[in-house]
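A.B. asks: I'd like to go over a predicted model; first the sequence, then the structure.
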Amino acid sequence: MLILKITIYFKILFISLINLNSDYTIIQLICFLLIGLITAHGIQLIHEIVHISVKKNQWNFFGEALGILTLTPYKIYKNNHLRHHRYLGTMKDRDFFDFHLLRKQSNLFDTIKLIWVNFKDLKSHTITSLTTSLIVYLILGFSLDNNYLVIFILSAYFLITKPAHFLIEIPEHFDCHRDNRNKKFNSRSIQNSIFLIKWFTNWNHLHREHHWNPSVAPEKLIYSDDLKSKYDFKNYLDFYSYFINQISKGVKNDSFF
Ligand SMILES: [Zn+2]
Ligand SMILES: [Zn+2]
């Protein structure tokens, strides 16, 4: 199934890259949007590859390839993510976003700013991995007769991929207990979602079930009534309105991951 998901990712990415050259602005805009979104989806595929590669080393090749195309330094992502699984529910765990930088008086605007000015994220981009990505897109740009491809990719990454990635990841542990090893209390699942969103997030809505059994393919996870907790939400919309409500009240620093 993962091979099929990677194939779909490549098809959408390359069709969009090719059609950025279209004479119609509306098609260019759709392709720009698709590139940003499929890159966020690609990062979720890297997440699945990280778990498979623990036992099957050869998957690291796909991880590295997707890492280059999604501007994600694969080795650093892999180490950080496996550390997240190992230390979840302890103070040694640090989630993807630097929420500890927010202070009690921080508001919704500060939180939104964090999506783009994420110091941990920036630090994790080694010069080598970023340069490799840019060289690959530069070469792709020349072969597709698009001299501005690198600029399009960087713009799509900052304008679309980063906020989309934030929206995918924020429900995972936001406002859960960060100092409790019990997965019922330190992780969240979203009970349901439409198929398109499930595919786009690579079934990340069942994040607690994923922590419970990280070696199971995401699409095979099933919402567990036994693991159900008060942190769960029926759907993403319910969660996002809760998130906005909590943030707009001002940050309770220690409740963030
Ligand atoms: Zn997690
Ligand atoms: Zn994981």
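C.D. replies: Looks like it arrived, so ask away. Ligands and ions are numbered 1, 2, ... in the order given.

A.B. asks: all helices of the stretch 1-150 of the chain, in order?
C.D. replies: In the stretch 1-150 of the chain, helices defined by DSSP state H, counting those that start in this stretch lie at 2-19, 25-53, 60-69, 74-87, 108-116, 119-124, 127-143, 149-156, listed in chain order.

A.B. asks: quick check: closest non-adjacent residue to the spatially most central residue of the chain.
C.D. replies: For the chain, the residue nearest the mean C-alpha position is H165 (3.9 Å; Cα atoms, centre = their mean). Distance criterion Cβ to Cβ, 6 or more residues apart in numbering; nearest residue to H165, sequence neighbours excluded, is A40 at 4.8 Å. Backbone N, C-alpha and C define where each C-beta goes, glycine included.

A.B. asks: now F62
C.D. replies: Of all residues not flanking F62 in the chain, I49 sits nearest, at 5.5 Å (Cβ to Cβ, 6+ apart).

A.B. asks: roughly how far apart are that neighbour and W199?
C.D. replies: From I49 across to W199, the span is 16 Å (Cβ to Cβ, to the nearest Å).

A.B. asks: with neighbour numbers in mind, choose between those two.
C.D. replies: Of the pair I49 and W199, I49 is the one with more neighbours under other Cβ atoms under 10 Å, namely 24 against 15.

A.B. asks: circling back to that earlier point, tell me the buried residues in the helix or strand hosting the residue nearest to the centre of the chain?
C.D. replies: Per DSSP states H and E, H165 falls inside helix 162-169. Neighbour counts over helix 162-169 (16 or more other Cβ atoms under 10 Å) mark 162, 164-169 as buried.

A.B. asks: next one: the helix or strand that it is followed by to chain centre, how far?
C.D. replies: Counting by DSSP H and E, the next helix or strand C-terminal to helix 162-169 is helix 183-186. Put simply, helix 183-186 sits 21 Å off its chain's centre (Cα atoms, centre = their mean, to the nearest Å).

A.B. asks: same question for stretch 28-40.
C.D. replies: The mean C-alpha position of stretch 28-40 is separated from the chain mean by 15 Å, Cα atoms, centre = their mean.

A.B. asks: from memory L66 sits against L2, does it?
C.D. replies: No: assessed by Cβ atoms under 8 Å, L66 is found out of contact with L2, at 11.0 Å.

A.B. asks: more neighbours: those two, which one.
C.D. replies: L66 (21 against 16).

A.B. asks: still on that earlier bit, let's have the buried residues of helix 162-169 in JSON lines, adding pLDDT and distance to S215.
C.D. replies: Shown next, in JSON lines, are the buried residues of helix 162-169 (pLDDT from 0 to 100; distance: Cβ to Cβ, whole Å):
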{"residue": "K162", "pLDDT": "90", "distance to S215": "29"}
{"residue": "A164", "pLDDT": "94", "distance to S215": "26"}
{"residue": "H165", "pLDDT": "92", "distance to S215": "23"}
{"residue": "F166", "pLDDT": "88", "distance to S215": "27"}
{"residue": "L167", "pLDDT": "92", "distance to S215": "26"}
{"residue": "I168", "pLDDT": "94", "distance to S215": "21"}
{"residue": "E169", "pLDDT": "90", "distance to S215": "20"}
